[in-house]
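[1] A structural model of the following input is requested.
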Amino acid sequence: MDWLPALIAGVALPVGATAIGLAWRSRTGRARAARDETVTSDLGLGADALGASATLVQFSTAYCSRCPATARQLVSIAGDYTGVRHVEVDLTHRPDLADRFHVLQTPTTLILDARGAATARIGGVPRAHDVRHRLDTLTGRSRVTS
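    Coordinates of the predicted model:
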């Protein structure tokens with residue numbers, strides 16, 4: 001029996017799976033540019049639900065274990081800025097919204113500008129520094145990082 005193919009497969013499989021996992025992890029939670037489209041009418045949000053400068057729209061479900069902590073994080077970040085609001089949209093009974101916004105995982109966060117147009121999209125638990133960087137840009141706030 002030739003052990004070389006089995007040995008190669010035995011090494012290649014975990015290495016490949018690890019590489020895929022690391023690639024997935026590096027992309028999760030990062031803000032990516034979104035198409036500049038107004039989404040408030042599709043969400044059923046009125047002008048009163050939007051922040052004056054920006055809005056953090058969090059898509060969640062009743063079964064999402066990371067969504068409550070994400071909501072607390074986004075509420076805290078929004079509270080650090082004037083004119084920024086957090087809005088949570090429950091997709092549990094709204095699969096039409098999940099299809100419309102191509103939500104494949106929860107939490108998913110959209111960062112909207114003052115007009116209600118999506119400027120960034122974050123799949124997974126957002127990285128706070130990415131959210132703050134996007135909000136700094138939208139609000140015109142400058143931040144000194146050390």
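
[2] Leu110 belongs to a strand, doesn't it?
    Yes - Leu110: assigned to a strand according to DSSP: H, G, I helix; E, B strand; the rest coil.

[3] just the pLDDT at it, thanks.
    For Leu110, the model assigns a pLDDT of 93.

[4] residue contacts, it?
    Neighbouring residues of Leu110 by C-beta atoms under 8 Å, 6 or more residues apart in numbering: 34, 39, 56-57, 59, 101, 118, 120-122. C-betas here are computed from N, CA, C, even on glycine.

[5] distance-wise, check Cys67 relative to Ile77.
    Here Cys67 is placed at a distance of 15 Å from Ile77 (C-beta to C-beta, to the nearest Å).

[6] looking at these two, which one has more neighbours?
    Cys67 (20 against 17; other C-beta atoms under 10 Å).

[7] what does the closest residue to that one other than its chain neighbours show for phi and psi?
    Once flanking residues are discounted, Cys67 sits nearest to Ser60: 3.6 Å by C-beta to C-beta, 6 or more residues apart in numbering. Backbone torsions of Ser60, given as degrees, to the nearest 10, read phi -140, psi 180.

[8] I'd like the mean pLDDT over stretch 46-55, please.
    Mean predicted confidence for stretch 46-55 is 86.
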